[in-house]
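>>> Coordinates only, no sequence provided:
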Ligand SMILES: Nc1ncnc2c1ncn2[C@@H]1O[C@H](COP(=O)(O)OP(=O)(O)O)[C@@H](O)[C@H]1O
Ligand SMILES: [Mg+2]
């Protein structure tokens, strides 16, 4: 079943009195338990799509439905991880994860235990009392993944989460996130990622939605059914990468 459906989305920003078209007639869907990526160059409106889903921006045209009903961000559990970890610098790691849980319950024991559990799941246990400035970029991103998962989201949104990391850290985190996604007892079940990295999208996704340069339009979709974990050096992998690259340059 479609968990999320965007139909004919158009977004116009007001830029110094001038209208700037950011998205044009964007339609795609995400099914439950799917990993979908949106790929497009810088400025193609990827983050704009994330803002719409978070309820931070109302599109000028089109509709967004979740489970067949109009999007109401207060009725679905959404979490997001951004390129920069966006941690509170004055809070330690444990507290940075706990803050996400505090709006959901008054049960302090539950908040503490859940935060600790997810800190362990992302491999930074032992650093509960460290402050963000003491952590590497990869560790900070682990904290923000722990924070995003601790609330048990129905849909995890990722906005270029690996783009600021060195290649080794990025690759390790991609694999760990895929393991979490594939683990039936742990969140997240459904992921929507935006990225400009073709290899990353092909490695991770069931489906890739290709956006044109601004204004972002859907140039096409590529479905990927290569077995996981994917061999990123296989001929089959390169064939899919080629298909995505061809679509990207078909504009
Ligand atoms: N708040 C805003 N006001 C005006 N223009 C914006 C605003 N946010 C984004 N834009 C413009 O919309 C386009 C798409 O932006 P964005 O969604 O951030 O793209 P991406 O994430 O793909 O790089 C860009 O050209 C950007 O300059
Ligand atoms: Mg962006």
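In hand now; what should we look at? Note that the structure is predicted; figures quoted are calculated from it, not measured. Ligands and ions are numbered 1, 2, ... in the order given.
>>> Go through the chain and flag its longest helix.
helix 167-182 (DSSP state H).
>>> packing partners for that helix?
Counting contacts by 3 or more CB pairs under 8 Å, 6 or more residues apart in numbering; DSSP states H and E, helix 167-182 packs against helix 137-150, helix 198-204. C-beta here means a position set from N, CA and C on the backbone, and glycine is covered the same way.
>>> Adding distance to residue 238, write those out as JSON lines.
What follows is these, written out as JSON lines (distance: least, CB to CB, whole Å):
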{"stretch": "helix 137-150", "distance to residue 238": "27"}
{"stretch": "helix 198-204", "distance to residue 238": "9"}
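>>> Ok, which of these comes nearest ligand 1?
helix 198-204 (13.5 Å; CB to the nearest ligand atom).
>>> wait, does the helix or strand following the closest one contact ligand 2?
Per DSSP states H and E, helix 198-204 leads on to strand 207-211 as the next helix or strand towards the C-terminus. No. Strand 207-211 lies out of reach of ligand 2 by CB under 5 Å from the ion, never closer than 11.2 Å.
>>> what mean pLDDT would you report for strand 207-211?
The pLDDT scores in strand 207-211 average 98.
>>> Which neighbours in the sheet does that strand have, and how are they oriented?
strand 35-39 (parallel), strand 218-223 (antiparallel) (DSSP bridges).
>>> I'd like to know how far residue 136 sits from residue 160.
Applying CB to CB, to the nearest Å, the value for residue 136 to residue 160 is 18 Å.
>>> ok, then the element right after the longest helix of the chain?
Immediately after helix 167-182, counting by DSSP H and E, sits strand 191-195.
>>> so how far is that next one from its chain's centroid?
4 Å (CA atoms, centre = their mean, to the nearest Å).
>>> try stretch 70-78
Stretch 70-78 sits 16 Å away from the centroid of its parent chain (CA atoms, centre = their mean).
>>> Show residues contacting that stretch.
Outside of stretch 70-78, the residues within contact range by CB atoms under 8 Å, 6 or more residues apart in numbering are 53-55, 63-67, 69, 151-157.
>>> Take the helices and strands packed on helix 167-182 and write them to JSON lines, including mean neighbour count.
Converted to JSON lines, the helices and strands packed on helix 167-182 look like this (neighbours: other CB atoms under 10 Å):
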{"stretch": "helix 137-150", "mean neighbour count": "23"}
{"stretch": "helix 198-204", "mean neighbour count": "22"}
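>>> possible to save those as JSON lines with distance to residue 130 and mean pLDDT?
Converted to JSON lines, those look like this (distance: least, CB to CB, whole Å; pLDDT from 0 to 100):
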{"stretch": "helix 137-150", "distance to residue 130": "8", "mean pLDDT": "97"}
{"stretch": "helix 198-204", "distance to residue 130": "28", "mean pLDDT": "98"}
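>>> Would you format those as TSV with distance to ligand 1 included?
Converted to TSV, those look like this (distance: least, CB to the nearest ligand atom, whole Å):
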stretch	distance to ligand 1
helix 137-150	18
helix 198-204	14
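>>> From the contacts of stretch 70-78, which shows the smallest pLDDT?
residue 67 (88).
>>> Give me the distance between that residue and ligand 1.
25 Å (CB to the nearest ligand atom, to the nearest Å).
>>> just checking, that residue touches residue 5?
No. Residue 67 lies out of contact with residue 5 (CB atoms under 8 Å); the separation is 9.4 Å.
>>> Have a look at the two and say which one is more surrounded.
Set residue 67 next to residue 5 and count neighbours by other CB atoms under 10 Å: residue 5 wins out with 17 against 14.
>>> which residues does the more buried one bridge with?
Going by DSSP bridges, residue 5 forms beta bridges with residue 29, residue 65.
>>> again, but for the one 4 residues further on
Beta-bridge partners of residue 9, counted by DSSP bridges, are residue 26.
>>> Mind telling me which residue of the stretch 1-150 of the chain is nearest ligand 2?
Residue of the stretch 1-150 of the chain nearest ligand 2, by CB to the ion: residue 47 (3.2 Å).
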